[in-house]
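*Asks:* fold the stuff below for me.
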Amino acid sequence: MTAAGKIPHVVGVLTADQVAQTARSIAVMQQADGSIPWTTGAHVDVWNHVEAAMGLLAAGDVQAAERAYDWVSEVQRSDGSWPSSWENGAITNDRGDSNFCAYFAVGLWHHWLIRHDLDVVRRHWPTVRAGLDWVVELQHPFGGIAWTVVDDLSLLTGNSSIYQSLRAGVALAELMGEPQPDWELAGGRLGHAVRHHRDLFADKSTFSMDWYYPVLGGAVRDVDAHDLLSTRWDDFVVPGLGTRCVDTNPWVTGAETCELVMALDAIGDHERALRLFTDMQMLRADDGGYWTGWVYADPAVRNENPDVFWPQEHTTFTAGAVILAADALGETHGGSTPGSGIMRGTSLAPDFPELALECGCSPLPVR
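*Replies:* You can find the predicted model right below:
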C-alpha cells in the first residue's frame, strides 16, 4: 500500500481494486533485473520504465517500484547518461536521449511524495544529479535542449518533459541540501523557449504530444494553457474514444489520452479530463492491462477497415499512465495518493525565473 494506505480511484470510472489489477498487469511483465519493458519481449527505455514504476508505486506495489528504480541506478553510465534502449538485457541503441536521461528525477520525487523514505532518495540522488548535469550540458542558446549528443535538433515534447524533470530535480536538491543553480538557470531558459520559441523546435506538429506537452510539463499554464489546448482540440480529440496519436491516422491511444487528461487536470479543466478518462476505458482488457490503441473505422469504409485494437499488445507505459491519471483525477473525483499532484506541479520546485537569456529576448514574467 501507499504511505496514505489508499489506492487511487475515480468514482464511477475506475475502482481501487481495478487500479490494483492494472498495477499487477505491469508487475507481471517486470523482468528479473527490475527493468520494465514496453510489453513482454519488447524493449526497455528509461523514460517509459520510470512511468510504469510510478504507476506501480501509486497503486501500492512499493517493492516492484523500488526494484525498478534500483535498475535505473545500476545501468547508468559514468557520464550520467543511459542508452536509449535495451532488449533482453542487451543494449540495442546506445545513444543517450536527453528526455529519457532527465525523467528519473520525476520518478524519485514522486517516490518521496508518497513514501517519505529518505534512504531511497539518498541512494538514488547521485543518479539523478549526474543525469541532469549531463542533460543541461546539451542546452542551445535559444533555450532548447538537444535530443542527443549527435542529434542537434530539439524536440518540443521531450523538452517540455525535461522542464518538469528540472523542477523535480531542484526539489530533490533542496531536500538533499545541495542547491543546483545551474539547473535553475537552464530551467528558466528552457521554460522561456517552450513558451515563446516553439517555432525553433523540430516540427513534429503531426503528433498530439507536441500539442499538449507544453501544458503537461508545466511550462505553459493559466490562460495560455487553455488557449494552447483550444488550438488543436478538434484535430486530436475524438469524442467518445480519446486522443489520436497523430493527426493523420484514425488511431486513438491510451497513453496520449491519459496524458491529456493530466494536462487538463493541471489547469483545472476537470470536466473534460473526466470525460476523456471515461472514454479511454474501452481500451481496458480483462486482466486489468490496457491495449495501446484503437483504430476506428471511417464509416464510409467500415467494411474494409473494421474497428480494431492495435497493436495487439498491452503496454506497461499505457497502464502506468492510466494509474497516474486516476491518481490525478482521484483528488477531486475519488481517492488519491500524496503524489497525485506530480503532473500539476503543485509539489515541485517553483517555476524558474527567466534569467540570463541567450536568445536575444528580454526576460519575461512567468505566469
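*Asks:* contacts for the one helix or strand residue 91 maps to, please.
*Replies:* Secondary structure from DSSP states H and E places residue 91 in strand 90-93. The set of residues external to strand 90-93 that reach it, using C-beta atoms under 8 Å, 6 or more residues apart in numbering, is 43, 83-86. In short, each C-beta sits where N, CA and C put it, glycine included.
*Asks:* excluding chain neighbours, what is closest to the spatially most central residue of the chain?
*Replies:* Using C-alpha atoms, centre = their mean, the residue of the chain that lies closest to the mean C-alpha position is residue 51, 6.2 Å off. Of all residues beyond its chain neighbours, the one nearest residue 51 is residue 320 (4.4 Å), with distances taken as C-beta to C-beta, 6 or more residues apart in numbering.
*Asks:* now the strands for the stretch 151-300 of the chain?
*Replies:* Assigned by DSSP state E, counting those that start in this stretch, the strands in the stretch 151-300 of the chain fall at 237-238, 242-244, 251-253, 293-295.
*Asks:* I'd like these laid out as TSV, including mean pLDDT.
*Replies:* Compiled in TSV, the strands of the stretch 151-300 of the chain are given as follows (pLDDT from 0 to 100):
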stretch	mean pLDDT
strand 237-238	97
strand 242-244	97
strand 251-253	97
strand 293-295	96
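*Asks:* can I get the helix or strand following the strand holding residue 91 as CSV, trimmed to CA atoms?
*Replies:* Following the chain from strand 90-93 toward its C-terminal end, the next helix or strand by DSSP H and E is helix 98-102. Output of helix 98-102 as CSV, limited to C-alpha atoms (Å, rounded to 0.1, in the frame of the first residue of the first chain):
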residue,chain,number,x,y,z
SER,A,98,18.1,13.9,-23.1
ASN,A,99,14.5,13.5,-22.1
PHE,A,100,15.0,9.9,-21.1
CYS,A,101,18.0,10.8,-19.0
ALA,A,102,16.2,13.6,-17.1
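*Asks:* winner for burial among the strands of the stretch 151-300 of the chain?
*Replies:* Per residue and on average, the most neighbours among the strands of the stretch 151-300 of the chain fall to strand 242-244, with a mean of 26 (mean count of other C-beta atoms under 10 Å).
*Asks:* residue 65 touches residue 56, doesn't it?
*Replies:* Yes. In this structure, residue 65 sits in contact with residue 56. The criterion is C-beta atoms under 8 Å, and the distance is 4.3 Å.
*Asks:* neighbour count winner among the two?
*Replies:* Using other C-beta atoms under 10 Å as the criterion, residue 65 and residue 56 rank with residue 65 on top: 31 against 27.
*Asks:* helix/strand/coil for that one?
*Replies:* When classified by DSSP: H, G, I helix; E, B strand; the rest coil, residue 65 comes out as helix.
*Asks:* might you report the residue contacts of it?
*Replies:* Residues touching residue 65, when contacts are defined by C-beta under 8 Å, 6+ apart, comprise 53-54, 56-57, 111.
*Asks:* and the gap between the nearest residue to residue 179 once chain neighbours are set aside and residue 260?
*Replies:* With C-beta to C-beta, 6+ apart as the criterion, residue 179 has its nearest non-adjacent residue at 5.8 Å, and that residue is residue 173. Residue 173 sits 30 Å away from residue 260, going by C-beta to C-beta, to the nearest Å.
*Asks:* and the strand or helix carrying residue 127, how far from the chain's centre?
*Replies:* Secondary structure assignment for residue 127, by DSSP H and E: helix 118-136. In terms of C-alpha atoms, centre = their mean, to the nearest Å, the centre of helix 118-136 is set 18 Å apart from its chain centre.
*Asks:* list the buried residues in that helix.
*Replies:* 120-121, 124-125, 127-136 (16 or more other C-beta atoms under 10 Å).
*Asks:* biggest helix in the chain by residues?
*Replies:* Longest helix in the chain, counting residues (DSSP state H): helix 156-176.
*Asks:* worst-scoring helix or strand of this structure, pLDDT-wise?
*Replies:* Ranked by mean pLDDT, DSSP states H and E, the helix or strand of the chain with the weakest confidence is strand 308-309, at a mean of 92.
*Asks:* still on that earlier bit, next secondary structure element downstream of the helix or strand hosting the residue nearest to residue 51?
*Replies:* Residue 320 is located in helix 316-333, with elements delineated by DSSP H and E. Counting by DSSP H and E, the element after helix 316-333 in chain order, helix or strand, is strand 334-335.
*Asks:* residue 131 versus residue 181, what's the distance?
*Replies:* As defined by C-beta to C-beta, residue 181 lies at a distance of 17 Å from residue 131.
*Asks:* got it, and residue 98?
*Replies:* The spacing between residue 98 and residue 131, counted by C-beta to C-beta, is 10 Å.
*Asks:* likewise residue 257?
*Replies:* Look at residue 257 and residue 131: by C-beta to C-beta, they are 28 Å apart.
*Asks:* what does residue 171 give?
*Replies:* Spatial separation of residue 171 from residue 131 under the definition C-beta to C-beta is 15 Å.
*Asks:* just checking, residue 200 touches residue 145?
*Replies:* No. The pair residue 200 and residue 145 does not pass the contact test of C-beta under 8 Å, sitting 11.8 Å apart.
*Asks:* which residues do these two both contact?
*Replies:* Shared contacts of residue 200 and residue 145, defined by C-beta under 8 Å, 6+ apart, comprise residue 154.
*Asks:* neighbour count winner among these two?
*Replies:* Residue environment comparison for residue 200 versus residue 145 gives the larger neighbour count to residue 145, 24 against 15, counting by other C-beta under 10 Å.
*Asks:* which residues does that one bridge with?
*Replies:* residue 139 (DSSP bridges).
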